[in-house]
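Engineer: one predicted model, sequence on top.
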Amino acid sequence: MLFSDYHNHPQGHRDLPYTKEVLEPWAKYARKVQLKDVALTDHGRYHPGINLDEFFKFRDSVKDVKFKIGVEIDNDPETSKADYQWMEKNYNKLDFVLGSVHFIDDWPYDHPAHKEKFNEWDIDELYGRYFAEMKNLINKGFLDGLAHVDLIKIFGHRQKKEIEYYVKDVLKLIKEKGLTVEMSTAGWRKPVNEQYPQEKIIEMIKQMDIPITTASDAHTAKDVGYGYDRLYEMLKKYGFNQVAVFDNHKMTLLPI
Ligand SMILES: [Zn+2]
Ligand SMILES: [Zn+2]
């Protein structure tokens, strides 16, 4: 069974300071779906609220679920410089750094309020730009894993060329750097209604023997472990027998 969720946002979509009240529901709901290893990975841009001491108190008070602390770092043109500074300063206290591409230039393309901008793009050109951004992010270093690698499809815009054309080099780079790719159920809650990544990419990841994490990208505690029965079936279909978990950036592969 799946037992780990390595992408969660206790702050939701805002800079909410970590307190006992903010963190405790995550233990309650993790227990409810029998998770054993859960990483909190709030957005870098909300780092002022990520109170590590408050997290460590919480972590030490929970005996039956291992909680890890991470951050989701991205290419935000306004905040990423400060986010990286915070992450680098606290790197040794963190377990896991997740990398994401949420912007094309200054366009937050995954935000529903800005989705009409897709109409201004040639979608193949956009996919090219998106995966080029991902390579840049990987080459900046510090990452342990990549989040939602084909997020650019979020509103259902599909490229014409085969997806391999765009992801092959990115996966090669991920493999070279020893990073993980997350298998995320979040896409089932989005207009595209498809897990991240799509099955062709899952197949490539398996063939290339790239380690995976499992993730819900929950922005509210009740979504932790969302869709995991369905994800488990998908992973078994492609022959996955292990998932990665992290302790202070050290990867361990455990059987599922
Ligand atoms: Zn994200
Ligand atoms: Zn996220």
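Structural biologist: Arrived safely, thanks for sending. Ligands and ions are numbered 1, 2, ... in the order given.
Engineer: what's the average pLDDT for stretch 83-100?
Structural biologist: Averaged over stretch 83-100, pLDDT sits at 98.
Engineer: what does the stretch 1-150 of the chain put close to ligand 2?
Structural biologist: Glu72 (Cβ under 5 Å from the ion). In short, each C-beta sits where N, CA and C put it, glycine included.
Engineer: next one: the residue of the stretch 1-150 of the chain found nearest ligand 2, what pLDDT does it get?
Structural biologist: Closest residue of the stretch 1-150 of the chain to ligand 2, Cβ to the ion: Glu72 (4.8 Å). Listed pLDDT for Glu72 reads 98.
Engineer: helix/strand/coil for it?
Structural biologist: Look at Glu72: counting by DSSP: H, G, I helix; E, B strand; the rest coil, its state is strand.
Engineer: oh, and call the first residue 28 from now on, that's how I've got it
Structural biologist: New numbering, starting at 28: the last item is Glu99.
Engineer: kindly tell me how buried the residue of the stretch 178-283 of the chain found nearest ligand 2 is, as a neighbour count.
Structural biologist: Ligand 2 sits closest to Asp244 of the stretch 178-283 of the chain, with a gap of 4.5 Å, by Cβ to the ion. When counting by other Cβ atoms under 10 Å, one arrives at 27 neighbours for Asp244.
Engineer: what's the closest non-adjacent residue to it?
Structural biologist: Of all residues not flanking Asp244 in the chain, Ala213 sits nearest, at 3.7 Å (Cβ to Cβ, 6 or more residues apart in numbering).
Engineer: ok so, going back, give me phi/psi at the residue of the stretch 178-283 of the chain closest to ligand 2?
Structural biologist: phi 50, psi 40 (degrees, to the nearest 10).
Engineer: coming back round to it: the residue of the stretch 28-177 of the chain closest to ligand 2 contacts Thr68, correct?
Structural biologist: Yes: judged on Cβ atoms under 8 Å, Glu99 makes contact with Thr68 at a distance of 4.6 Å.
Engineer: buried residues, the longest helix along the chain. List them.
Structural biologist: Longest helix of the chain, by residue count under DSSP state H: helix 150-166. Residues of helix 150-166 classed as buried: Ile150, Leu153, Tyr154, Arg156, Tyr157, Phe158, Glu160, Met161, Leu164, Ile165 (neighbour count, 16 or more other Cβ atoms under 10 Å).
Engineer: fine, thanks again, bye for now.
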